[in-house]
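>>> The sequence and its predicted three-dimensional model are supplied below.
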Amino acid sequence: MKIAVAGTGYVGLVTGVCLAEHGHSVSCVDIDNDKVALMKAGISPIYEPGLEELLVENINRLNFTTDYKAVYKDADVIFIGVGTPEKQDGSANLSYVYEVADQIAQSIEKDCVVVVKSTVPIGTNDKIEDLINSRLVHDVNVYVASNPEFLAQGTAVRDTLHASRIVIGVEDTYAAHVLKEVYKDFDAPIVVTNRKSAEMIKYASNDFLALKISFINEIANLCEIIGADIEDVAHGMGYDGRIGNRFLNAGIGYGGSCFPKDTKALHWLANFHDYELKTVKAAIDVNENQKLKLIKKSRKYFDSLKGLNIAVLGLTFKPGTDDLREAPSLVNIPIMIEDGANIKAWDPIGVENFKKRFPNEITYCNTIEVTLKDADVCFIFTEWDEVKDFDLLQYSKLMRTPIVLDGRNCYDLTSVRKANLIYDSIGRETVNSLELSLV
Ligand code: NAD
């Protein structure tokens, strides 16, 4: 079977490489010449654990190109994995998906199954099918299937090779048959449904997870007010199998390329149909506030950030990725800059991407120690292992005033109490071993 994948981002490249790992020959198409050159040389243009190694191992079954016509013309299956970013009004920008659909229509010379992996609003697969059929150059049959992606960045390869489920949304048995063949060596339950239900499964899953995060963050905020401990609360809740213990980590909110845009897109779609998704709206609102939680906390200690030495640990939206999309650091750091703070920042892999946005305003450091040296306050935005494993005693040794604002609850409070610092985290008691008085 000849397989093509359009788009080599976090979804497209991981899909292509994992299909190759299962023995398929895969041509990966992108419009970005630089990315294609890197992949041809066996280098992954994105950071994802295990991806580059798997790409190199399967390089003989992988082809990388910008020449979509040459690839699509005789493909049996074409996966669409291009971006569907958020538009100003919250709806999904489908221009990249429709562009690929148009390219497919112009190129294919034989019957073909077009598989939509990009996250698209309910009904989009129907529109893609209509668009391709209306612009076909050759007399061929096109079968469009929805096959939403559930991988999480940071564990994308594992999530694809050992998927929780493979959802196939089809309107005909042929496309279902072909996709089952494509995935026959994947060890995952397969859910076959119609296209709209498949599209909805993706949005409902992401929005539910966003809701779970916003819920625990609200409970954490209340814990702080009334003196309960969110870590214990989440632990106690998690034993209930109906709730589960995952996604109950309180923090400064979700970011990334999916939850923020997918909550807004579904809310927008519901509104368009005169229906208000109140729970999803609440998740969005809570998250917007939560992202500013640490800046608000800092006002307890400092009237202004002007002239302060600020240490920032973690820039990416979560550990295990170099992706900055919707990262809380992107909301907080501009406020620090505007206030006139001196910022030093550390991140194990996010720095290069951050530098593209803030080339001069921040001093980027190679180690946590250098970042903390002489700092007045430290903000933790990402729970990298290096931060979680960092010796707590070092904070007071290195910083001018050891005030640590932890947006990811990296440390247990028992250890913090022995460390001679002010430690303010999410949904837990503030530890003030220095006995400093607050502003
Ligand atoms: P991305 O921005 O990382 O990658 C998109 C790629 O598509 C880019 O390399 C871009 O150059 C390329 N592209 C654009 N137009 C093209 C064209 N005409 N032909 C070929 N390539 C083209 O996007 P992503 O994060 O991989 O997300 C892709 C889709 O998958 C989105 O709809 C997203 O919501 C969904 N999704 C993402 C994740 C995730 O964790 N990133 C998880 C599940 C689903």
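Good, I have the coordinates.

>>> Break the chain into its domains for me.
2-193, 202-290, 293-432 (automatic domain parsing).

>>> what about Trp268, distance to Asp262?
Trp268 sits 11 Å away from Asp262, taking CB to CB, to the nearest Å as the criterion. Where you see a C-beta, it was placed from the backbone N, CA and C, and this is true even at glycine.

>>> let me fix that: Val100
For Val100 relative to Asp262 (CB to CB), the value is 20 Å.

>>> Likewise for Ala283?
Using CB to CB, one gets 11 Å for the distance from Ala283 to Asp262.

>>> now do the same end-to-end measure for stretch 107-122.
In stretch 107-122, first residue to last residue: 26 Å (CA to CA, to the nearest Å).

>>> picking that back up, let me have the domains of the chain in CSV, adding mean neighbour count and mean pLDDT as columns.
Listed next are the domains of the chain as CSV, based on neighbours: other CB atoms under 10 Å; pLDDT from 0 to 100:
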stretch, mean neighbour count, mean pLDDT
domain 2-193, 19, 97
domain 202-290, 18, 97
domain 293-432, 19, 97
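
>>> Would you convert those domains into TSV that also reports distance to the ligand?
Putting the domains of the chain into TSV (distance: least, CB to the nearest ligand atom, whole Å) gives the following:
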stretch	distance to the ligand
domain 2-193	2
domain 202-290	4
domain 293-432	7
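
>>> Ile168 sits in which helix or strand?
Using DSSP states H and E, the element containing Ile168 is strand 166-169.

>>> Keeping just the C-alphas, turn that strand into PDB.
Extracted C-alpha coordinates of strand 166-169, given in PDB (Å, rounded to 0.1, in the frame of the first residue of the first chain):
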ATOM      1  CA  ILE A 166      -7.900   4.100  16.900                       C
ATOM      2  CA  VAL A 167     -11.000   5.900  15.900                       C
ATOM      3  CA  ILE A 168     -12.200   5.500  12.300                       C
ATOM      4  CA  GLY A 169     -15.000   7.600  11.100                       C
END
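
>>> still on that earlier bit, spell out which residues are contacts of both of Ala283 and Asp262.
Shared contacts of Ala283 and Asp262, defined by CB atoms under 8 Å, 6 or more residues apart in numbering, are found at Asp207, Ala210.

>>> can you pull the contacts of the residue nearest to Asn141 when sequence neighbours are not counted?
Leaving out its chain neighbours, the residue that sits closest to Asn141 by CB to CB, 6 or more residues apart in numbering is Asp111, at 4.5 Å. Contacts for Asp111 (CB under 8 Å, 6+ apart) come out as Val140, Asn141, Val142, Tyr143.

>>> Which ones among those residues map onto strands?
Among the contacts of Asp111, the ones falling in strands (DSSP state E) are Val142, Tyr143.

>>> Can you show me the CA trace of stretch 51-64 as CSV?
Extracted C-alpha coordinates of stretch 51-64, given in CSV (Å, rounded to 0.1, in the frame of the first residue of the first chain):
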residue,chain,number,x,y,z
LEU,A,51,11.2,10.2,17.3
GLU,A,52,14.6,10.9,15.7
GLU,A,53,15.9,7.4,16.5
LEU,A,54,12.8,5.8,15.0
LEU,A,55,13.1,8.0,11.9
VAL,A,56,16.7,7.0,11.4
GLU,A,57,15.9,3.3,11.9
ASN,A,58,13.1,3.4,9.3
ILE,A,59,14.8,5.8,6.9
ASN,A,60,14.7,3.2,4.1
ARG,A,61,10.9,3.1,4.2
LEU,A,62,10.5,6.9,4.5
ASN,A,63,10.6,9.5,1.7
PHE,A,64,10.5,13.3,2.5
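
>>> For that stretch, what is the distance to the chain centroid?
In terms of CA atoms, centre = their mean, to the nearest Å, the gap separating the centre of stretch 51-64 from the centre of its chain is 23 Å.

>>> Also stretch 87-95?
18 Å.

>>> and what of stretch 193-210?
17 Å.

>>> helix, strand or coil for the residue most central in space within the chain?
By CA atoms, centre = their mean, the mean C-alpha position of the chain lies nearest to Gly256, the distance being 3.4 Å. Taking DSSP: H, G, I helix; E, B strand; the rest coil as the rule, one finds Gly256 in the coil state.

>>> Correct me if wrong: it contacts Gly154.
No: taking CB atoms under 8 Å as the definition, Gly256 is not a contact partner of Gly154, at 9.6 Å.

>>> joint contacts of the two?
Lys318, Thr321.

>>> CA atoms only for stretch 135-143, dumped as PDB, please.
Taking Å, rounded to 0.1, in the frame of the first residue of the first chain, the C-alpha atoms of stretch 135-143 are listed here in PDB:
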ATOM      1  CA  ARG A 135     -12.100  19.800  -8.200                       C
ATOM      2  CA  LEU A 136     -10.900  16.400  -9.300                       C
ATOM      3  CA  VAL A 137      -8.900  16.400 -12.500                       C
ATOM      4  CA  HIS A 138      -9.000  12.700 -13.200                       C
ATOM      5  CA  ASP A 139     -12.000  10.400 -13.100                       C
ATOM      6  CA  VAL A 140     -11.300   8.600  -9.900                       C
ATOM      7  CA  ASN A 141     -13.100   7.700  -6.600                       C
ATOM      8  CA  VAL A 142     -12.200   9.400  -3.400                       C
ATOM      9  CA  TYR A 143     -13.200   8.000   0.000                       C
END
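
>>> Just the residues contacting it, thanks.
For stretch 135-143, using CB under 8 Å, 6+ apart, the contacting residues are 102, 104-114, 129, 132-133, 170, 172, 174-175, 178.

>>> where does Arg135 sit relative to Tyr143, distance-wise?
16 Å.

>>> My error: substitute Gln153 in the last question.
In terms of CB to CB, Gln153 sits 30 Å off from Tyr143.

>>> Contact partners for the residue lying closest to Ala341 once chain neighbours are set aside?
The spatial neighbour of Ala341 that comes closest, neighbours along the chain excluded (CB to CB, 6+ apart), is Leu305 at 4.2 Å. Shown in contact with Leu305 (CB under 8 Å, 6+ apart): Ser298, Ile335, Met336, Asp339, Gly340, Ala341.

>>> Arg357 now?
Contact partners of Arg357, counting by CB under 8 Å, 6+ apart, are Leu324, Leu330.

>>> Next, give phi and psi for it.
phi -90, psi -40 (degrees, to the nearest 10).

>>> What separation do you get for the closest residue to Arg325 other than its chain neighbours and Ala145?
Leaving out its chain neighbours, the residue that sits closest to Arg325 by CB to CB, 6+ apart is Ser257, at 4.4 Å. When distance is defined by CB to CB, Ser257 is 23 Å away from Ala145.

>>> repeat for Asn63
Applying CB to CB, the value for Asn63 to Ala145 is 23 Å.
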